[in-house]
Structures are given as structure tokens and as C-alpha cells.
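**Q** A structural model of the following input is requested.
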Amino acid sequence: MRGCNQFSFAIAQQYRNFGTTLHRLETSVDGGAILFERRFPIPDNCWVYDLYQLTLKHSVELFQAHIGDILEGNYTLTPQESLHAARGTAYHHREDIESLKKIDLNWDKEKIERHIRATFFPPFEPPYCIIEGKKFYFNA
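**A** Residues are numbered from 1 along each chain as shown. So this is what the prediction gives:
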């Protein structure tokens, strides 16, 4: 997953695993070849803030484990395109989060709860629903 709010989309789309990479910087967003990566399971009933923190922890550990390899040039570049067939690909723009935050009260309970877990991340605008033209926010 590349771009913005990948944590939220992973939860909303019920991904079982997530990951972090060290990749070469390119002019395209998150498009550079991968030097190193770490993949890990997403805990059951995970909230977006928790997945963010878990990813941050794994990112720091990945960097610490491989900074010497990077400085020494001890790595093989893996083009991201070579992983698309096995893993798929997704790119999200900043405004795409709005589609996840707008809760439809006709959804089943599990989907509503999942979208709330995927998008409730203070200090950002919380998930919401529209009732009779008025916006009502969900608060965890």
C-alpha cells in the first residue's frame, strides 16, 4: 500500500498483514525499489492508532537493523512492480480517507465498527454519519 492513510485502508479492507519498508526515494510517491522490509500480522480488532504505533516500532527496528547495510551498500534493490502479482497494489490519495469516514448506518454492525476503528485517529476529524442532512460524529 502506498500513499496516504494506508493504516486505515488496511483495517477497513480486513488485511491480515501489514508491513514497513526501507526504499529508495524516487520522484513518485512511495515508488522506489525496496531495500529491506518487515511484514507483521495486524492484531484482531486493531484500531488505526495502534497499527500506526506498531508500524512505527517495526520501522525503527528495521532501520536500526539495516543502517549498516545501507551505509555499506549491502542490499539488493527489489522493484515494487515485481511484488504486485503476489501482493497486489494500492495507492491512496489524502482525500480518499473521506470515503472511509462516512459511515452508512445501513451497513452491518461489523462493518460500521471496523470503519470506526479504521478512521478514529485524534486529532483528525472522526468518522461520522449523516442523519437528515446533519453530520454526527462517532467518538470512541
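**Q** rounded mean pLDDT for the longest helix seen in the chain, please.
**A** For the chain, the longest helix by residue count, based on DSSP state H, is helix 48-72. Helix 48-72 carries an average pLDDT of 97.
**Q** now do stretch 22-37
**A** Stretch 22-37 carries an average pLDDT of 83.
**Q** repeat for stretch 128-137
**A** Stretch 128-137 comes out at a mean pLDDT of 96.
**Q** how about that stretch: buried residues?
**A** For stretch 128-137, burial by neighbour count (16 or more other Cβ atoms under 10 Å) applies to 128-129. Heads up, the C-betas are built off the backbone N, CA and C, glycines and all.
**Q** now do the end-to-end distance for that stretch.
**A** The first residue of stretch 128-137 is 4 Å away from its last residue (Cα to Cα, to the nearest Å).
**Q** now what about that stretch, what contacts it?
**A** Residues outside stretch 128-137 that contact it (Cβ atoms under 8 Å, 6 or more residues apart in numbering): 101-105, 125-127, 138.
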